[in-house]
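J.: The following block contains a protein sequence and its predicted model.
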Amino acid sequence: MKTKTIIRVEGEDGYGMFRDCIGRKYVPATELPAICMRHQLFNTPYQDGLNIADNWFCAYKTIEQLQDWVFTGELKEIIDNGFKVLLLDVTEYQEGTHQVIYTKESIVGMKDISNLFV
């Protein structure tokens, strides 16, 4: 079984930081609109050629990619609002040009690396 290490930013409810950008409720979209504006330039999983369904979640391919899209000050504020930056090892994933999607059931390792960004 092949394992891939990915980066996920998520809240206590298990959802990612961009959920308000797609019409769901959360703080960063209203408090940090620049992130949402940048996120609009990021390919959706469909645009990236990935077959996403309800049980798939988006993640960054690398820490560097995360830092290209979410700036350090913004990331600190997101963490201050209860989000965590997680380093995940997953076994069920699809990798596109711009992102990785995975299933939560396939997580075989998880490390909270939020302290690297505060």
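T.: The structure has been received and is ready for your questions.

J.: what does the average pLDDT come to for whichever helix in the chain runs longest?
T.: Identified as the longest helix of the chain according to DSSP state H is helix 72-80. For helix 72-80, the mean per-residue pLDDT is 86.

J.: what comes up buried for stretch 110-118?
T.: Ser114, Phe117 (16 or more other C-beta atoms under 10 Å). Placement of C-beta: from N, CA and C, glycine included.

J.: can you map out the strands along this protein?
T.: Secondary structure of the chain (DSSP state E): strands at 4-10, 56-59, 84-90, 93-95, 100-103, 107-112.

J.: closest to Tyr46 out of those strands?
T.: Smallest distance to Tyr46 across these (C-beta to C-beta): 10.5 Å, for strand 100-103.

J.: buried sites along stretch 98-113?
T.: By 16+ other C-beta under 10 Å, the buried positions in stretch 98-113 come out as His98, Gln99, Val100, Ile101, Tyr102, Ile107.

J.: And these, which is closest to Leu41?
T.: The closest of those to Leu41 turns out to be His98 (C-beta to C-beta; 9.9 Å).

J.: Quick one, grab the pLDDT at that closest one.
T.: Reported pLDDT for His98: 86.

J.: and the residue lying closest to Gly14 once chain neighbours are set aside, what does it touch?
T.: Distance criterion C-beta to C-beta, 6 or more residues apart in numbering; nearest residue to Gly14, sequence neighbours excluded, is Lys104 at 7.2 Å. Residues near Lys104 by C-beta atoms under 8 Å, 6 or more residues apart in numbering: Gly14, Asn55, Phe57.

J.: Test of understanding: give the bridge partners of Thr87.
T.: Just so we're on the same page, residue 87 is Leu rather than Thr. Residues in a beta bridge with Leu87, per DSSP bridges, are Ile7, Lys111.
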